[in-house]
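Undergrad: Sequence and predicted model, in that order:
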Amino acid sequence: MQACDVEVWPGELPPGRIDLVQKVAGVDGLLCLLTDKIDAEVLDAAGPQLKVVSNHAVGVDNIVLSDATERRIPVGNTPGILTDATADFAFALVMAAARRVTEAERYVRAGKWQTWGPSVLLGADFVGATLGLVGFGRIGRAVARRAVGFGMRVLYHDPGKTPEHGALPAASLDELLAESDFVSIHTPLTEQTRHLVDARFLAKMKPTAILVNTARGGVLNQVALYDALVAKRIFAAALDVTDPEPLPMDSPLLTLENCLIAPHIASASARTRDEMSRLAAENLLAGLRGERLPHCVNPQVYSAD
């Protein structure tokens, strides 16, 4: 049974600002991607009949939640579904950066592989190494389980979590950076975490350490990362997220052999993306029916119900 009329943006690239503002006029519900900036201008352009905004993502930093809440518009997201896929990819980046997988593949394609040598493309070991997790939500905990299976010691830093989470020890951020051979970022992007990974953060890491970011590009100061990688203050970095996205082709990071960059594909398994779509649709349809969203990030809009 058809629940509503649907207009789908036809382009591969996201709509520009003018197109977005024009297209939302008169809609009752909006299903958006993390590439769509949803703020007061867009919400007001939609009109007072707008009942719901459903984000096809877990993170909602592309939506100004205070603007939606002020207008009593519930905002939905897709939590839980992408935990394992993202954790798998985060750990894949840890392994790829440590064992220099993409660098080795380029080495072969460039015709540099002449013979086997005992010191060619030496990387880092996992067994006995320490993995530091900055942020310890669902994805951080899933990465921890994978690391334990590889015989790694795991530390985490997350002010929002209890000092001890199961058998894993919490640490101050300074302790984590000083002790970790791998640092993996799993924090949401907020005003408090923007450019959390800056020059001071990187200076506290081991010179042999590897940084992995599958959270949001804005958590990382890319200029500081470039400087740290060039100066060999850290060994390598692997990023699934950048700021902006896509990363411009003239970005200095793309000139570095010790910086692996993927195009924001941590959740890109077929099953995961199908489930994300299902959750986003369920949130949208619930909102159109005037029901509580199954996954609402601003539940205070229902406080007067």
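TA: The structure has been received and is ready for your questions.
Undergrad: For the residue most central in space within the chain, which non-adjacent residue is spatially closest?
TA: Nearest to the geometric centre of the chain sits residue 215, at 2.6 Å (C-alpha atoms, centre = their mean). Once flanking residues are discounted, residue 215 sits nearest to residue 185: 4.7 Å by C-beta to C-beta, 6 or more residues apart in numbering. All C-beta spots, glycine's among them, are computed from the backbone N, C-alpha and C.
Undergrad: Looking at strand pairing, list the partners for the one you found.
TA: Counting by DSSP bridges, residue 185 is bridged to residue 134, residue 213.
Undergrad: from memory it sits against residue 217, does it?
TA: No - between residue 185 and residue 217 there is no contact under C-beta atoms under 8 Å: 10.4 Å.
Undergrad: Identify the residues contacting the longest helix along the chain?
TA: The longest helix of the chain (DSSP state H) is helix 270-288. Contact partners of helix 270-288, identified using C-beta atoms under 8 Å, 6 or more residues apart in numbering, comprise 3-4, 28-29, 31, 51-57, 74, 76-78, 81-82, 84-85, 267, 292-296.
Undergrad: just stretch 40-58 next, same as before
TA: Applying C-beta under 8 Å, 6+ apart, the contact partners of stretch 40-58 are 20-22, 24-34, 38, 62-64, 67-68, 71, 73-79, 82, 276-277, 280-281, 283-284, 286-288, 290, 293.
Undergrad: do that again at 6 Å, thanks
TA: Stretch 40-58 is contacted from outside by 21, 24-34, 38, 67-68, 71, 73-79, 280, 283-284, 287-288, using C-beta atoms under 6 Å, 6 or more residues apart in numbering.
Undergrad: how close does residue 40 sit to residue 92?
TA: Separation of residue 40 from residue 92 (C-beta to C-beta, to the nearest Å): 39 Å.
Undergrad: returning to what we had before: if you count surrounding residues, which of residue 185 and residue 217 has more?
TA: Remark: of residue 185 and residue 217, residue 185 carries more neighbours, 24 against 17, as counted by other C-beta atoms under 10 Å.
Undergrad: Just the helices from the stretch 101-250 of the chain, written as ranges.
TA: Using DSSP state H, counting those that start in this stretch, the helices of the stretch 101-250 of the chain run over residues 101-109, 138-149, 173-179, 199-203, 222-230.
Undergrad: for those helices, which one sits closest to residue 125?
TA: For these, proximity to residue 125 was assessed by C-beta to C-beta; helix 138-149 is nearest, at 13.0 Å.
Undergrad: just how off-centre is the closest one within its chain?
TA: In terms of C-alpha atoms, centre = their mean, to the nearest Å, the centre of helix 138-149 is found 15 Å from the chain centre.
Undergrad: which helices and strands does that helix pack with?
TA: With contacts taken as 3 or more C-beta pairs under 6 Å, 6 or more residues apart in numbering; DSSP states H and E, helix 138-149 sits against helix 83-98.
Undergrad: thinking again about what came up before, looking at residue 40 and residue 92, which is more packed in?
TA: Using other C-beta under 10 Å as the criterion, residue 40 and residue 92 rank with residue 92 on top: 18 against 13.
Undergrad: pLDDT score for that one?
TA: Note on residue 92: pLDDT of 97.
Undergrad: now do residue 165
TA: Residue 165 is given a pLDDT of 54.
Undergrad: coming back round to it: among the helices of the stretch 101-250 of the chain, show me which one is buried the most.
TA: Mean neighbour count (mean count of other C-beta atoms under 10 Å) peaks for helix 138-149 among the helices of the stretch 101-250 of the chain, with a mean of 20.
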